[in-house]
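Trainee: coords please:
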Amino acid sequence: MSAPPFRITLSDKVNKWAQDAKTNKRLERKYDKFKKTIKLLRDVGPRHTGLNTHAMKTWCTDDGKQIWNSYVENGTPSAWRMYWIYDGPDTIHVLSVGPHDHTI
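Mentor: All right, here's what the predicted structure looks like:
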């Protein structure tokens, strides 16, 4: 894959969550962490140590693309993760965001 900066795209599901979270006081902290993670992915890249990015060994998309996992938060119960794929050499497409055990 290419070097940063990356173009970030969001699935419809993630885009809807982000739009809702912008105006939901209960999700304000999660949304701020989400924005920080997006900024790190875009500007520094998945190799940023704080993201702890790793490939999901048993998950791939229907068309065979490797799914990656990056930390949105850590060291908290039900810490949030972001699942994404490379969608071209300079684009990261975010599939989902939520608690560690959420599904895509």
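
Trainee: make it CA atoms for all contacts and neighbour counts henceforth
Mentor: Fine.

Trainee: which residues does the helix or strand hosting residue 17 contact?
Mentor: Using DSSP states H and E, the element containing residue 17 is helix 12-22. Outside helix 12-22, the residues that touch it by Cα atoms under 8 Å, 6 or more residues apart in numbering are 27, 28, 31, 94, 95, 96, 97.

Trainee: dump the longest helix seen in the chain to PDB, restricted to CA.
Mentor: Longest helix in the chain by number of residues (criterion: DSSP state H): helix 28-43. Extracted in PDB, the C-alpha atoms of helix 28-43 (Å, rounded to 0.1, in the frame of the first residue of the first chain):
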ATOM      1  CA  GLU A  28     -19.700  12.400  22.400                       C
ATOM      2  CA  ARG A  29     -16.500  10.800  23.900                       C
ATOM      3  CA  LYS A  30     -16.700   7.800  21.500                       C
ATOM      4  CA  TYR A  31     -17.200  10.200  18.500                       C
ATOM      5  CA  ASP A  32     -14.100  12.200  19.600                       C
ATOM      6  CA  LYS A  33     -12.000   9.000  19.800                       C
ATOM      7  CA  PHE A  34     -13.400   7.900  16.400                       C
ATOM      8  CA  LYS A  35     -12.400  11.200  14.800                       C
ATOM      9  CA  LYS A  36      -8.900  10.900  16.300                       C
ATOM     10  CA  THR A  37      -8.500   7.400  15.000                       C
ATOM     11  CA  ILE A  38      -9.600   8.500  11.500                       C
ATOM     12  CA  LYS A  39      -7.100  11.400  11.600                       C
ATOM     13  CA  LEU A  40      -4.300   9.000  12.600                       C
ATOM     14  CA  LEU A  41      -5.200   6.500   9.900                       C
ATOM     15  CA  ARG A  42      -5.400   9.300   7.300                       C
ATOM     16  CA  ASP A  43      -2.300  11.300   8.300                       C
END
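
Trainee: so which bits of it are buried?
Mentor: By neighbour count on 16 or more other Cα atoms under 10 Å, the buried set for helix 28-43 is 30, 31, 34, 37, 38, 40, 41, 42.

Trainee: appreciated, that's everything.
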